[in-house]
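K.L.:
structure for the following, please:
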Amino acid sequence: MRKNNILEMNKKTLVLIILAFALGFGGTFFIIKSNDHKECEIVIKKVKDKNGNWVTTKEHICKEKYSF
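P.N.:
Predicted coordinates for the structure are as follows:
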């Protein structure tokens, strides 16, 4: 009778490990596919500072649905 309890516990543990791995893999796959930077652009702005020097700034702008 004790052997059945150990076997059942091992099955439950195995199922939980497989489930955790599947959820982790699925989450990682979702993040990689969602964060593709297709809607990103670099905006370059040139402005004069208070001393009259031209200052160039670059800004990375993303319009993604999910930004990780």
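
K.L.:
CA only for contacts and neighbour counts going forward, please
P.N.:
Fine.

K.L.:
what about the residue nearest in space to the middle of the chain, which helix or strand?
P.N.:
By C-alpha atoms, centre = their mean, the chain has its centre lying nearest to residue 31, at 3.8 Å. Residue 31 is part of helix 2-34 when elements are defined by DSSP states H and E.

K.L.:
mind listing the strands the very next helix or strand once past that helix pairs with, and their directions?
P.N.:
Remark: after helix 2-34, the chain's next helix or strand is strand 40-48, criterion DSSP H and E. Each strand paired with strand 40-48, and its direction, by DSSP bridges: strand 54-62 (antiparallel).

K.L.:
export the partner strand to PDB, keeping only CA atoms.
P.N.:
Extracted in PDB, the C-alpha atoms of strand 54-62 (Å, rounded to 0.1, in the frame of the first residue of the first chain):
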ATOM      1  CA  TRP A  54      22.900  72.700 -32.300                       C
ATOM      2  CA  VAL A  55      22.100  69.600 -30.200                       C
ATOM      3  CA  THR A  56      21.000  66.300 -31.900                       C
ATOM      4  CA  THR A  57      19.000  63.800 -29.900                       C
ATOM      5  CA  LYS A  58      17.900  60.400 -30.900                       C
ATOM      6  CA  GLU A  59      14.700  58.900 -29.500                       C
ATOM      7  CA  HIS A  60      13.600  55.200 -29.900                       C
ATOM      8  CA  ILE A  61       9.800  55.200 -30.100                       C
ATOM      9  CA  CYS A  62       7.800  52.000 -30.100                       C
END
